[in-house]
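Asker: Predicted model and sequence below, questions to follow.
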Amino acid sequence: MKTSNGVHIPRLLKRYREEVVPVLIKARGYKNTLQSPHLEKVVINMGVKEGAADIKILDQLANELGRITGQKPVVTRAKKSISAFKLREGVPIGLKVTLRKNRMYEFLDRLFNVAMPRIRDFRGFSLSSFDQHGNYTLGIQEQIIFPEIEFDRIKKVQGMDITFVTTTENKDEAKQLLELLGLPFKKIN
């Protein structure tokens, strides 16, 4: 959708403003729309242990993560040497992307509506992955659930961690926000 000045508004952001915020205000008794919790950013992290040995795998995964998120990933490097893991300081060990604003909502829309239904035997995400600050982290085992990835061209199946950083300190508010946005949680029997 485009506004009158031609700016594109992501579908999930429009839904957040028109449907989610009024529900949160009514349920939590906020006096102002700015009091309602919202997503600050989404951080996608890929740990690539083979990155130190084979730079081509790291480049391939960086290309795939860039296609999934629409933003070029940053290569993360080891902060210190650990001999038990045969790890030297400064070697590339992963990839990271931080998404904010429109790119974040576009990515979440694709994640919730396209990628998650493609996960095998999926029954929802665990409620135990909230931290003390109302942020939620989930793990995905295969990058091939995203339609941007061409199955024939992948060299390595790689998982990733996705962290949703919210403005609330309350786990219940964060859970309600993520549920209303479309993140499926496991049903408690």
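Answerer: Happy to help now that I have it.

Asker: Every contact and neighbour count from this point should use C-alpha atoms.
Answerer: OK.

Asker: Buried residues, whichever strand or helix holds Lys175. List them.
Answerer: Per DSSP states H and E, Lys175 falls inside helix 171-181. Applying a neighbour-count criterion of 16 or more other CA atoms under 10 Å, one finds Lys171, Glu173, Ala174, Lys175, Gln176, Leu177, Leu178, Leu180, Leu181 buried in helix 171-181.

Asker: wait, what's in contact with the residue lying farthest from the centre of the chain?
Answerer: The outermost residue of the chain relative to its centre, with distances by CA atoms, centre = their mean, is Ser83 at 31.6 Å. Applying CA atoms under 8 Å, 6 or more residues apart in numbering, we find Ser83 in contact with no residue.

Asker: my guess is Arg103 meets Gly70, correct?
Answerer: Yes. Look at Arg103 against Gly70 with CA atoms under 8 Å: they come within range, at 7.3 Å.

Asker: Tell me how far the residue nearest the centre of the chain lies from Leu111.
Answerer: Among the residues of the chain, the one closest to the centroid is Ile162, at 3.6 Å (CA atoms, centre = their mean). Remark: distance between Ile162 and Leu111 (CA to CA, to the nearest Å) = 10 Å.

Asker: Can you give the contact residues for stretch 64-81?
Answerer: For stretch 64-81, contacts defined as CA under 8 Å, 6+ apart pick out 62-63, 87-97, 99, 103, 107, 146, 148-149.

Asker: Can you mark which positions in the biggest helix by length in the chain are buried?
Answerer: The longest helix of the chain (DSSP state H) is helix 55-69. Using 16+ other CA under 10 Å as the burial criterion, the residues of helix 55-69 that qualify are Ile57, Leu58, Leu61, Ala62, Glu64, Leu65, Gly66, Arg67, Ile68, Thr69.

Asker: what distance separates that helix from the centre of its chain?
Answerer: With CA atoms, centre = their mean, to the nearest Å as the basis, helix 55-69 stands 16 Å off its chain's centre.

Asker: ditto for stretch 26-44
Answerer: Centroid separation for stretch 26-44 versus its chain: 18 Å, with CA atoms, centre = their mean.
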